[in-house]
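> pasted the sequence and its predicted model underneath.
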Amino acid sequence: MALPPDLAKTLTWVAEGVGLVACPPEHPGASSLLLDEGSEVVLVDAGLPAPLRRKLAPHVDVCLLTHCHVAHSHGARDFREVWAPKAEARAMLGAEDYLQTYEVSRRDRDVVASAIRKAGYEPAHVQKELRGDGIVKLDKHEWHLLPAPGHSPGMIALLDPERHILFAADVGADDKAWYGYPTSDPTELERTASTLADVPVAILVSSHAEPRKRGIKPLFRGMAESIRERDRRILASLETPRSLDELAEMGHCMGKPTTPLARYHERVMVEKHLARLLEKDFAMARQDGRFQRVA
């Protein structure tokens, strides 16, 4: 069902039938992509405020989630049909399933559970589980589902190969890579960013930034480089032996944490860099629980 004109005017249209539904800065969610080709409407991601979701819901045939992190999925239950990546669909069953899907440890569950409640998380039934390399065919155009793991295990990006429009959710906002759950993987995200840099893209749409037509390849390449730069910064810090918590407080990945949730995500990200450094024998774990650089 096509959007009524008054609602269509509230969107930023980047191409015929391709709109960005902006998320207000004060709302802890994410902007959505809306595909409207007349006979059916697809909303990509559901992190919008409740009043906006309720306006859209009667006109949306399918809500397709790029991944199930709470900022992108918390309002999915408002829509009649929900599709989600197979690797993450379980996260939509309930809060406990969310925590288990992203492998949040018991010591951190209260912090993360409180955060997803505040973000408005609600369970939703997923009617279709998606894999990368699929295709969503609409009346006039088709969108290819590209595997984009790393930020989350099953994340997908959507590409219109004819008009070269890419929706990359959290990967395309800026060059600041995020991988703050145990199931996130900076090595996979580095590979994803490098792969997307080689995709011909005329318009990049993402969840936390305005659509862009320039600087797209440098942005993705910069994201891959930012992950490697964090390796170097953390390794330099290990000239003096430090514990994981001490490294996390230094804020090498996302800045010095100021909240329990930020502290959790920073610690997870630093731990992943330590694993990369240990694997390459650039650093070593000491018996006292600290880490140090290998000379």
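Yes, it's here. Residues are numbered from 1 along each chain as shown.

> ok but Arg90 is inside a strand, no?
No: assigned with DSSP: H, G, I helix; E, B strand; the rest coil, Arg90 falls outside any strand and is helix.

> you'd agree it is up against Glu103?
No: between Arg90 and Glu103 there is no contact under CB atoms under 8 Å: 11.6 Å. Bear in mind the C-beta positions are built from the backbone N, C-alpha and C, glycine included.

> neighbour count winner among those two?
Under the criterion of other CB atoms under 10 Å, the comparison of Arg90 against Glu103 puts Arg90 first, with 17 against 12.

> who touches the more buried one in this structure?
Asp97, Gln100, Thr101 (CB atoms under 8 Å, 6 or more residues apart in numbering).

> hmm, 10 Å instead?
By CB atoms under 10 Å, 6 or more residues apart in numbering, Arg90 lies in contact with Cys68, Ala84, Asp97, Tyr98, Gln100, Thr101, Tyr102, Val126, Glu129.

> what's the burial count for the fourth one?
What that stands for is Tyr98. When counting by other CB under 10 Å, one arrives at 23 neighbours for Tyr98.

> any chance of the contacts of Arg90 in JSON lines, with secondary structure, distance to Ala209 and pLDDT too?
Output for those, formatted as JSON lines (DSSP: H, G, I helix; E, B strand; the rest coil; distance: CB to CB, whole Å; pLDDT from 0 to 100):
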{"residue": "Cys68", "secondary structure": "coil", "distance to Ala209": "21", "pLDDT": "98"}
{"residue": "Ala84", "secondary structure": "strand", "distance to Ala209": "23", "pLDDT": "98"}
{"residue": "Asp97", "secondary structure": "helix", "distance to Ala209": "30", "pLDDT": "98"}
{"residue": "Tyr98", "secondary structure": "helix", "distance to Ala209": "26", "pLDDT": "98"}
{"residue": "Gln100", "secondary structure": "helix", "distance to Ala209": "31", "pLDDT": "98"}
{"residue": "Thr101", "secondary structure": "helix", "distance to Ala209": "27", "pLDDT": "98"}
{"residue": "Tyr102", "secondary structure": "coil", "distance to Ala209": "24", "pLDDT": "98"}
{"residue": "Val126", "secondary structure": "coil", "distance to Ala209": "27", "pLDDT": "98"}
{"residue": "Glu129", "secondary structure": "strand", "distance to Ala209": "28", "pLDDT": "97"}
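
> pull out the buried members of these.
Among these, those classed as buried by 16 or more other CB atoms under 10 Å are Cys68, Ala84, Tyr98, Thr101, Tyr102, Val126.

> out of those, which comes closest to Arg230?
For the buried ones among the contacts of Arg90, the minimum distance to Arg230 (CB to CB) is 20.6 Å, reached by Tyr102.

> the closest one contacts Pro182, doesn't it?
Yes: Tyr102 lies in contact with Pro182 (CB atoms under 10 Å); the separation is 6.7 Å.

> overlap in contacts, these two.
Joint contacts of Tyr102 and Pro182 (CB under 10 Å, 6+ apart) are Val268.

> any idea where the helices of the stretch 1-150 of the chain begin and end?
5-8, 50-56, 70-73, 95-101, 109-118 (DSSP state H, counting those that start in this stretch).

> and the third one, what does it pack against?
Helix 70-73 sits against strand 82-85, helix 95-101, helix 109-118, with contacts defined as 3 or more CB pairs under 10 Å, 6 or more residues apart in numbering; DSSP states H and E.

> likewise for the last one?
For helix 109-118, the contact count by 3+ CB pairs under 10 Å, 6+ apart identifies helix 70-73, helix 95-101, helix 260-279 as packing neighbours.

> how about these in JSON lines, adding distance to Gly251?
JSON lines is the format used below for the helices and strands packed on helix 109-118 (distance: least, CB to CB, whole Å):
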{"stretch": "helix 70-73", "distance to Gly251": "21"}
{"stretch": "helix 95-101", "distance to Gly251": "25"}
{"stretch": "helix 260-279", "distance to Gly251": "6"}
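
> tell me how many other residues surround Leu11.
Leu11 has 18 neighbouring residues, counting by other CB under 10 Å.

> contacting residues for the closest residue to it other than its chain neighbours?
Counting by CB to CB, 6 or more residues apart in numbering, the nearest residue to Leu11 once its immediate chain neighbours are dropped is Gly19, at 3.7 Å. The contact partners of Gly19, taken as CB under 10 Å, 6+ apart, are 3, 8, 10-13, 32-36, 41, 43, 205.

> could you do Val104 as well?
Tyr98, Asp110, Val111, Val112, Ala113, Ile116, Tyr181, Pro182, Thr183, Tyr264, Val268.
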